[in-house]
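[1] the sequence and its predicted three-dimensional model are supplied below.
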Amino acid sequence: MTSTHEVATEVLDSLTPQIRTCIERLRSHQSEEVNLFVCPIASLLSWSLKKPWCSSNYPSTKLAAVLVLLFERAGELRVLLTTRSKSLRSHPGQVALPGGKMDVTDADVFETAYREAHEEVGLPRHYPHTHTICTLRPYISSAKLLVTPVVALLTDLSVMNTFVPSPGEVDRIFDHPLEAILDPPLAAKEDLAPKGSADWPYEEEFYNYSDIDLPWLNNSTYRMHRFRSTAFAIKGLTSDILIATAEIAFNRSPTYERWAPAQLRTFAPILRILEEQTGFEDAVSGTSTPTPKVEIGVPSRLSSAVVSAEK
């Protein structure tokens with residue numbers, strides 16, 4: 001099932017040929033379909049998640065969305081990112097995409113993603129120069145939030161001069177070349193965080209990874225990708241979403257090995273396992289972006305082990 005969104009021809013014509021091709025690929029992206037839930041709305045299968053959110057198996061209080069805001073600068077496709085406030089209880093200081101939990105008043109994940117971007121960085125609501133491109137399949141956060149990425153294109157970059165980090169939620173607003181997520185050395189021209197600093201404590205120059213065993217998830221493994229940026233390392237849920245976005249946009253695989261041995265690569269088996277588990281933990285409070293240690297939802301009993309692995 002495709003979910004192509006209308007984008008005016010003049011908008012596409014304003015892009016360089018390479019970037020236009022990237023956006024066209026994203027517009028025609030076909031998301032993974034999962035028929036695990038009995039739901040009265042077909043849009044759930046395309047992950048638009050319009051109300052009623054409606055799965056008897058997955059709580060509506062655990063739905064969330066993030067905005068993957070892309071833009072072209074100097075012939076390069078870039079993505080807007082933030083660092084979470086160091087005063088936050090969950091994942092302080094980490095890199096995130098604007099977004100958070102659905103409010104009961106949100107009509108769908110698009111409204112959630114744009115509302116959160118407005119609250120976190122000041123992107124105007126219903127801004128005419130922001131164009132919805134597609135949604136990706138959902139990801140499960142460490143708090144077991146079902147997080148849907150909404151991909152959008154920003155065509156008037158002057159509005160970025162008005163962006164202001166939301167006090168108490170966001171410390172910094174920055175951006176990163178999307179193609180460097182597939183080929184990390186492409187970020188060499190950026191003013192990267194100093195090597196050996198708290199923001200990049202790894203020996204590698206641009207990219208680092210580690211594999212995490214998940215016995216609770218059918219003895220699968222998870223590969224934690226980390227990318228050096230101008231701020232904190234891009235990793236976890238944020239890195240997974242950006243890898244997927246970049247793979248679609250540039251129609252190629254990363255220069256590194258994407259998957260760990262025995263890693264679950266599609267969404268259906270992950271949801272099936274979660275569905276079999278009893279008792280969903282309460283999601284993190286507030287509207288900040290869930291930026292977990294792992295994409296597929298580390299239960300609280302494993303959180304400390306994952307934190308140790310990250311140190």
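    Perfect, thanks for sending it. Numbers count the residues shown, from 1 in each chain.
[2] now do the SS call for A180.
    State at A180, reduced to three classes by DSSP: H, G, I helix; E, B strand; the rest coil: helix.
[3] read off the pLDDT value for it.
    Here the pLDDT value assigned to A180 is 98.
[4] tally of neighbours for it?
    25 (other Cβ atoms under 10 Å). All C-beta atoms are positioned from the backbone trio N, CA, C, and that covers glycine.
[5] my read: it touches F227, true?
    Yes: A180 is within contact range of F227, at 7.1 Å (criterion: Cβ atoms under 8 Å).
[6] which neighbours do those two share?
    Taking Cβ atoms under 8 Å, 6 or more residues apart in numbering as the contact rule, A180 and F227 both touch 187, 206.
[7] now do the contacts for E257.
    Applying Cβ under 8 Å, 6+ apart, the residues contacting E257 are R223.
[8] roughly how far apart are it and R223?
    8 Å (Cβ to Cβ, to the nearest Å).
[9] quick check: buried residues in stretch 141-159?
    Judged by neighbour count (16 or more other Cβ atoms under 10 Å), stretch 141-159 contains these buried residues: 141-155, 159.
[10] show the average pLDDT along it.
    Rounded mean pLDDT across stretch 141-159 is 91.
[11] span of it from start to end?
    30 Å (Cα to Cα, to the nearest Å).
[12] check the offset of stretch 126-133 from the chain's centre.
    18 Å (Cα atoms, centre = their mean, to the nearest Å).
[13] my error: substitute stretch 226-240 in the last question.
    11 Å.
[14] that one: end-to-end distance?
    End-to-end for stretch 226-240, by Cα to Cα: 10 Å.
[15] and the strand ranked longest in the chain, what's buried?
    Ranked by residue count under DSSP state E, the longest strand found in the chain is strand 63-73. Within strand 63-73, the residues that count as buried by 16+ other Cβ under 10 Å are 63-72.
[16] perfect, I'm done here.
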